[in-house]
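> With the sequence up front, the predicted model follows.
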Amino acid sequence: MDLGPAQILDTLGAPPGPDLLGPHAQEIKALFTRPFLVLHRASELYTAGTALGLLLDLGWEPQLRAGTSVDDLCADLPAQARIPLAWMLPFLAQEGLLNREGDRFALAESPRLDLPGIRTLVEAEAPGHTANFDLLDGVRTHIPPFFTEGRSGDSLLFDLTLFPLWLLYFRNGNLGYYPNNLLTLLAFRQDLTPGNRVLELGAGAGSFARLVARRGADEGWLDRIAEYRFTDVAPSFLRRAQRELKTEAPGLPLVFQALDLNRPLGDQGIPPESLDTIVSINVAHVARNLEVVLCDLRSRLRPGGRLILGECLKPSLGHPIYLEFFFSFIRSFTDVELDPRWRPVHGFLTPEAWLRALEHAGFRDLESTPPPRPLLDRHPNFNVGAMTAWA
């Protein structure tokens with residue numbers, strides 16, 4: 001089959017109507033421009049092409065032509081190879097590049113992967129928004145030793161060569177990433193009270209803090225924030241934020257702190273009931289023990305305080321989404337404690353799984369931006385949302 005520009009334009013689809021987007025429909029609907037829709041579909045297909053290209057790079061074309069299984073491919077590989085392969089084969093079947101019968105997968109036909117053509121289309125339709133593709137190309141070229149030598153995915157994907165590509169990906173100027181920040185911002189500003197003490201978990205490249213500073217100043221609510229505690233476990237992100245955010249997030253009352261989500265927050269200087277708002281964008285799903293972490297976060301909030309989770313959401317737990325390709329090689333994404341009641345799988349979860357986990361941890365009155373299930377049922381490939389839960 002062909003995997004290129006024609007397939008993108010043929011399967012573009014219509015944007016969701018305002019009836020699916022909730023109280024913030026006007027601002028959310030503004031996301032769904034033609035450039036956004038093209039980029040989103042192109043990223044799915046480019047990811048499929050990258051994943052299949054990686055399997056071929058590793059020399060597995062004969063097995064794929066004959067038909068193979070995850071068990072067969074993993075027979076002579078390090079144990080860590082199973083998780084990404086168990087994601088890649090079903091994802092490629094979902095995208096039509098592999099045929100599936102039970103647990104066996106075979107090439108549908110001789111694939112024609114026009115990845116340069118997809119790039120050219122996006123450069124024409126959404127100029128300046130190819131960071132997703134640069135990162136995908138980087139993952140493909142850097143990750144083979146993960147399979148062949150048992151090397152750590154973290155060390156391969158966060159070396160000095162790829163680190164700048166991650167920074168370009170996690171920014172508001174990237175249409176592929178920006179919805180994560182926008183939806184979280186809409187939830188964050190909605191019940192922001194004067195004197196608010198805010199902590200952002202895993203603030204990383206600082207794109208959400210920048211958006212808070214800019215939109216808060218423009219819309220007149222920035223002065224409601226008394227303290228904005230910017231935290232991350234990675235020293236490189238903290239140093240960069242301290243160097244840049246004082247000028248790039250003016251008016252935001254920043255405090256910087258190293259913080260590890262998987263260690264008790266009280267041991268790291270966060271007293272009980274000391275915060276009004278905790279924000280986490282695509283971080284909470286890496287909690288090693290989600291039950292323990294959510295209970296700890298709730299205990300740091302004053303009564304009536306808010307936990308706001310911006311998360312990639314899945315329409316069902318078994319449905320692979322293209323964003324998982326980046327992270328299936330990263331240990332913190334996959335090495336978590338599972339529980340069939342409130343943490344059934346590693347990585348991204350469904351809205352219902354998050355609801356069960358948050359309620360189990362003692363949170364109440366969960367609200368979502370936008371309402372997730374009707375949107376996911378009609379548009380299963382729109383995979384981001386923000387959830388607010390009260391302590």
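Looks like it came in fine.
> Enumerate every residue touching the spatially most distant residue from the centre of the chain.
In the chain, residue 66 marks the outermost C-alpha relative to the chain mean, sitting 34.2 Å out by Cα atoms, centre = their mean. Taking Cβ atoms under 8 Å, 6 or more residues apart in numbering, we find residue 66 in contact with residue 106. From N, CA and C alone the C-beta is placed, and that goes for glycine too.
> Could you list the buried residues of the top helix by length along the chain?
Taking DSSP state H as the assignment, the helix of the chain that covers the most residues is helix 34-57. For helix 34-57, a neighbour-count test (16 or more other Cβ atoms under 10 Å) marks 35-55 as buried.
> other SSEs contacting it?
If contacts are counted by 3 or more Cβ pairs under 8 Å, 6 or more residues apart in numbering; DSSP states H and E, helix 34-57 sits against strand 2-3, helix 5-10, helix 61-66, helix 82-94, strand 112-113, helix 115-125, helix 131-142, helix 324-327.
> And the residue farthest from the centre of the chain, how far from residue 98?
Counting by Cβ to Cβ, to the nearest Å, the gap from residue 66 to residue 98 is 12 Å.
> Find residues that contact each of these two.
What both residue 66 and residue 98 touch, as defined by Cβ under 8 Å, 6+ apart, is the set residue 106.
> Any regions of the stretch 151-300 of the chain where pLDDT drops low?
Within the stretch 151-300 of the chain, no range satisfies pLDDT under 70.
> mind listing the helices in it by residue range?
153-157, 163-169, 178-190, 207-219, 235-248, 290-300 (DSSP state H, counting those that start in this stretch).
> name the helices or strands packed onto the third one?
By that I understand helix 178-190. Against helix 178-190 (3+ Cβ pairs under 8 Å, 6+ apart) you get helix 25-29, helix 207-219, strand 275-281, strand 301-312, strand 364-369, strand 384-390.
> same thing with the shortest one?
If contacts are counted by 3+ Cβ pairs under 8 Å, 6+ apart, helix 153-157 sits against helix 131-142, helix 144-148, helix 331-334.
> if you skip the residues just before and after it, what's nearest to residue 312?
residue 348 (4.6 Å; Cβ to Cβ, 6 or more residues apart in numbering).
> no wait, residue 331
residue 154 (5.8 Å).
> now residue 83
Ranked by Cβ to Cβ, 6+ apart and with sequence neighbours excluded, the top spatial neighbour of residue 83 is residue 334, at 5.0 Å.
> neighbours around that neighbour, how many?
19 (other Cβ atoms under 10 Å).
> mind listing what it touches?
83, 327, 328, 346, 347.
> Kindly report the same for residue 325.
So residue 325 contacts 47, 50, 51, 84, 87, 88, 91, 136, 139 (Cβ under 8 Å, 6+ apart).
> now those residues as TSV including distance to residue 119 and pLDDT?
Converted to TSV, the contacts of residue 325 look like this (distance: Cβ to Cβ, whole Å; pLDDT from 0 to 100):
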residue	distance to residue 119	pLDDT
47	13	96
50	12	97
51	17	97
84	24	97
87	24	97
88	21	97
91	20	97
136	10	96
139	16	96
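> So what's the gap between stretch 304-321 and the chain middle?
Stretch 304-321 sits 9 Å away from the centroid of its parent chain (Cα atoms, centre = their mean, to the nearest Å).
> Stretch 26-46 too?
For stretch 26-46 - counting by Cα atoms, centre = their mean - the centre lies 16 Å from the chain centre.
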